[in-house]
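**Student:** Dropping the sequence and predicted coords here.
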Amino acid sequence: MELIILKLGGSVICDKSKPFSIRRRVLRRIANEISKFLKEEPEKKLIIIHGGGSFGHYAVQEYLSLKGILDLEALVNVERIMLELSTTLADYFIDAGIPISILTTHSLVMIDDERELIINTRYIEQFLRMGVVPMMYGDLIISSKGSIKVVSGDTLAWELAYRLKANKLLFATSVDGVYSSKPEFPNAILLNELSLSSMINKVTYSETSVYDVTGGMFRKLIEGIGKIRPSMKVYIFNGLRAGEIYRALKDRPLKGTVIKP
Ligand code: IPE
């Protein structure tokens with residue numbers, strides 16, 4: 001079974017500068033790209049994971065600035081807001097013919113004492129066997145110690161890719177890939193390939209290393225350490241560019257960074 005995991009970044013599906021704003025035109029296009037791919041290659045298995053965008057991030061920030069902690073009120077409300085975002089995505093995807101089933105992250109994932117994720121992967125695998133495209137997302141989850149934590153879609157994507165031995169892990173972001181410095185800097189160079197092990201050495205030895213990526217991108221990469229397998233293709237690319245998600249699903253995007261162990 002060939003498995004692809006596609007993480008749709010929050011800044012691809014939402015306008016992160018405005019609370020609760022969805023990029024509807026982009027979603028329609030992405031739905032068509034995924035649908036076209038699945039019609040051409042129906043034997044391929046796909047899991048979609050999306051970020052919090054201007055829904056989850058905004059709501060979590062509101063609760064943290066208001067109360068300083070994530071309590072039960074935050075838990076139920078952020079879960080509700082994220083499910084609302086996911087349902088909106090599912091509307092576009094199902095209308096385009098993609099057999100989506102939303103697997104609410106908070107009911108399938110928990111954190112244990114060692115801060116390891118407990119994930120019901122058997123359930124996900126059964127959905128895949130039955131031809132469903134499971135969709136999960138960054139969410140608030142509970143821990144066995146009774147605390148409430150944010151689990152990002154990136155963490156989930158790496159974890160599932162590792163545990164389910166995915167063949168391909170695709171990160172659709174709002175930039176062309178990993179840059180040598182912040183993408184907005186004039187001397188920033190797009191890296192065609194990046195090895196996670198060499199990145200760590202560079203970062204450890206020099207604060208001002210060439211791998212001075214943005215916080216979000218840096219975290220995305222760090223999370224891959226120990227989760228990437230040599231047989232796993234990992235691409236970070238621009239999901240806002242028309243056709244890139246389709247090309248990444250088929251083979252590889254026009255532009256982007258290939259991540260290696
Ligand atoms: C965040 O998920 C989830 C919540 C804030 C509840 P991500 O960290 O994957 O979201 P994006 O992709 O950065 O928006």
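**Tutor:** Sure, I can see it.

**Student:** Could you verify my assumption that residue 26 touches residue 11?
**Tutor:** No: shown here, residue 26 and residue 11 do not form a contact pair, counting by C-beta atoms under 8 Å, at 10.3 Å. Using the backbone N, CA and C atoms, a C-beta is placed for each residue, glycine as well.

**Student:** got the phi/psi numbers for residue 239?
**Tutor:** Backbone torsions for residue 239, taken as degrees, to the nearest 10, come to phi -80, psi -10.

**Student:** One more: the one 3 residues further on?
**Tutor:** Per-residue torsions, residue 242: phi -60, psi 130 (degrees, to the nearest 10).

**Student:** same check, this time on residue 132
**Tutor:** phi -90, psi 150.

**Student:** neighbours of it, just the number please.
**Tutor:** The local packing count at residue 132 equals 18, with neighbours defined by other C-beta atoms under 10 Å.

**Student:** Specify the local secondary structure of the residue nearest to it when sequence neighbours are not counted.
**Tutor:** Nearest non-adjacent residue to residue 132, counting by C-beta to C-beta, 6 or more residues apart in numbering: residue 101, 4.7 Å away. Reduced to three states with DSSP: H, G, I helix; E, B strand; the rest coil, the structure at residue 101 is strand.

**Student:** Show me what residue 101 bridges to in the sheet.
**Tutor:** Each beta-bridge partner of residue 101 is listed here, defined by DSSP bridges: residue 134.

**Student:** my guess is it meets residue 136, correct?
**Tutor:** No: using C-beta under 8 Å, residue 101 makes no contact with residue 136, being 10.0 Å away.

**Student:** So for the two, which residue has more residues nearby?
**Tutor:** Higher neighbour count among residue 101 and residue 136: residue 136, with 26 against 13, using other C-beta under 10 Å.

**Student:** In the protein, where is pLDDT below threshold?
**Tutor:** 200-215 (pLDDT under 70).

**Student:** Contacts for stretch 93-109, please.
**Tutor:** Where contact means C-beta atoms under 8 Å, 6 or more residues apart in numbering, the residues beyond stretch 93-109 that reach it are 28, 31-32, 34-35, 38-39, 48, 75, 79, 82-83, 86-87, 89-90, 117-120, 123-124, 127, 131-142, 151, 156.

**Student:** out of those residues, who's near the ligand?
**Tutor:** With the criterion set as C-beta under 6 Å from any ligand atom, the members of the contacts of stretch 93-109 near the ligand are 82, 138-140.
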